[in-house]
Every structure is written in structure tokens, then in C-alpha cells.
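S.K.: The following comprises the amino acid sequence and a computationally predicted model.
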Amino acid sequence: RKEVEQDPGPFNVPEGATVAFNCTYSNSASQSFFWYRQDCRKEPKLLMSVYSSGNEDGRFTAQLNRASQYISLLIRDSKLSDSATYLCVAGASGTYKYIFGTGTRLKVLA
Amino acid sequence: NAGVMQNPRHLVRRRGQEARLRCSPMKGHSHVYWYRQLPEEGLKFMVYLQKENIIDESGMPKERFSAEFPKEGPSILRIQQVVRGDSAAYFCASSPPGLAGVGNIQYFGAGTRLSVL
């Protein structure tokens, strides 16, 4: 079983739609969680950190469910520019070693 | 404030040659990480370094791969006697000093794409 698992997609959604991704992690000691965005043949870029209480940044909302060991990302009012691969990241407490999921591909269609 | 700088962006090597990948962390950052990404796969942790120290190389292949982060200059990932299976994108990330873990965000360079012929 992978330490961090994501549905690879692709998720094809029309502009303006709301889309949600889930990600599960197997290490219960994980304390740090992030969503990164990666465009084709580019480097991963931090989208947002995920806090225990959940957090929102504009059209993006991230939530953490420790009991079920998953994190989610909700994108509202999708834009064409949101098309990318979204990487889920988990890190155990006190460790620098971040484990990346394989990513979920999103395509926003005009 | 320049970001994480990697060079070269593209590197072509023939089987058996050596590949040297360089990474300069963001200004003020003292932690450097190397990852490998194969096509259609996620990033795999390779090694974590601080200046003059390898902290964790548990993700490095046992042979042919080495990394360093000297007191002066960039971090180097070195692959000796490359094989076709080494073809991948190699990303470097850096993070600021302090306790690694919660809140210690890693920032990535643009990567080096290694092609082995």
C-alpha cells in the first residue's frame, strides 16, 4: 500500500464547476500536510498548507480528517488555468521527509 | 530573492557516462532535498542535506548515486555510469533553517531532465 494515495484522474470538469479531490495517508504519525500544484513538465509549487481546522484561500479549501486519515482539496468556480496535476503531501512529526502522492490530474474545459 | 536554481535544465548522457546535477537553494535556506520523478509517477525522496552533512540518504540507490552540499557552492547530485533507467526529472527543494517538520515548507527548483541514450 502506498503511503499517500490519490485518484490519478483525470477529472474533466467544465469552467465554473466545483471539484473535490481526496487523498489518504497511511502513517498515523503524519503531522504536516500540503497540496502542491504541478503543471506539465514544471516543478511542483505550493498551493496551500493544510491545517487541522481546515483552511481556505480564495477558491481553494483544504480539510484534514485525522480519524479517517485523509485530506481533501475543494476548488470552486474552476478556471481553465486550474488545469494541472495536484499533489498531496504528508510528513511525519519532526521529520523533513515529505511523502508525495502520485497526483490527481485536473482538466478544466471551456 | 532568487528561487531555487538548478542547472542544467536538460542533460543528455550516454550509458556509462557521469551526470552532475547542481542545485543552489533559496537565499537563507540551509536544508536541501533531492527528489526523482519518473514519467507518470510521483516525486520520490532521495536525500536530505545540510551544509557539509548528509542527514538522510535513505532514498538513494545504493550504488552509483552520491550527493554533497559543500560549505561553499551548490549542492551536487552525482550519478556515475548512468543507465537508461536513470532517465528522469530530478528536482531539488530547499527549506529555511529551523526544526524540520510542521510548517517547514519546501520550495522546488525547475528541475533537471536527464536523458540517457
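M.R.: All right, it came through fine. Numbering: from 1, shown residues only, chains lettered A, B, ... in the order given.
S.K.: which SS class is the spatially most central residue of chain B?
M.R.: Centroid-nearest residue in chain B, with CA atoms, centre = their mean: B:W34, separated by 3.2 Å. Here B:W34 is recorded as strand under DSSP: H, G, I helix; E, B strand; the rest coil.
S.K.: can you pull the contacts of it?
M.R.: Contacts for B:W34 (CB atoms under 8 Å, 6 or more residues apart in numbering or on different chains) come out as B:C23, B:M46, B:V47, B:A67, B:S75, B:L77, B:Y90, B:F91, B:C92, B:A93. Bear in mind the C-beta positions are built from the backbone N, C-alpha and C, glycine included.
S.K.: what does B:C92 give?
M.R.: Per CB under 8 Å, 6+ apart, neighbours of B:C92: B:4, B:6, B:21, B:23, B:25, B:32-35, B:75, B:77, B:108-109, B:111.
S.K.: ok, the residues you listed vs chain A, which is closest?
M.R.: Taking CB to the nearest CB as the measure, chain A lies nearest B:F108 of these, at 4.1 Å.
S.K.: which residues touch that closest one?
M.R.: With CB under 8 Å, 6+ apart, B:F108 has these contacts: A:E43, A:P44, A:K45, B:V4, B:F91, B:C92, B:A93.
S.K.: and chain B, which of its residues are near chain A?
M.R.: Selection of chain B residues close to chain A by CB under 8 Å from any CB of the partner chain yields B:31, B:33, B:35, B:40-45, B:48, B:55-56, B:58, B:89, B:91, B:95, B:99-111, B:113.
S.K.: Now list the buried members of those.
M.R.: B:31, B:33, B:35, B:42-43, B:45, B:48, B:56, B:89, B:91, B:95, B:100-101, B:104, B:106-111, B:113 (16 or more other CB atoms under 10 Å in any protein chain shown).
S.K.: Restricted to strands, list the residues you listed.
M.R.: Among these, DSSP state E puts B:31, B:33, B:35, B:43, B:45, B:48, B:56, B:89, B:91, B:95, B:107-108, B:113 in strands.
S.K.: Now for those: which two are most distant?
M.R.: Farthest pair in those (CB to CB) is B:D56 and B:R113. Separation: 24.7 Å.
S.K.: for stretch A:25-44, which positions count as buried?
M.R.: Across stretch A:25-44, burial judged by 16+ other CB under 10 Å covers A:Y25, A:S30, A:Q31, A:S32, A:F33, A:F34, A:W35, A:Y36, A:R37, A:Q38, A:E43, A:P44.
S.K.: Wondering if that stretch reaches chain B at all.
M.R.: Yes - for stretch A:25-44, a contact with chain B is found by CB under 8 Å from any CB, at A:Q31, A:S32, A:F34, A:R41, A:K42, A:E43, A:P44.
S.K.: Quick one: name the residues of chain A near chain B.
M.R.: Within reach of chain B by CB under 8 Å from any CB, chain A has these residues: A:4, A:31-32, A:34, A:41-46, A:49, A:87, A:91-103.
S.K.: Of those residues, which belong to strands?
M.R.: In this view, the residues of chain A next to chain B that belong to strands under DSSP E are A:4, A:31-32, A:34, A:44-46, A:49, A:87, A:91-92, A:98-100.
S.K.: from these, which would you call buried?
M.R.: A:V4, A:Q31, A:S32, A:F34, A:P44, A:S49, A:L87, A:G91, A:A92, A:Y98, A:I99, A:F100.
S.K.: for the nearest residue to the fourth one once chain neighbours are set aside, which residues make a bridge with it?
M.R.: Same thing as A:F34. Nearest residue to A:F34 in three dimensions, chain neighbours excluded: A:V89, at 4.3 Å (CB to CB, 6 or more residues apart in numbering or on different chains). Residues in a beta bridge with A:V89, per DSSP bridges, are A:F34, A:F100.
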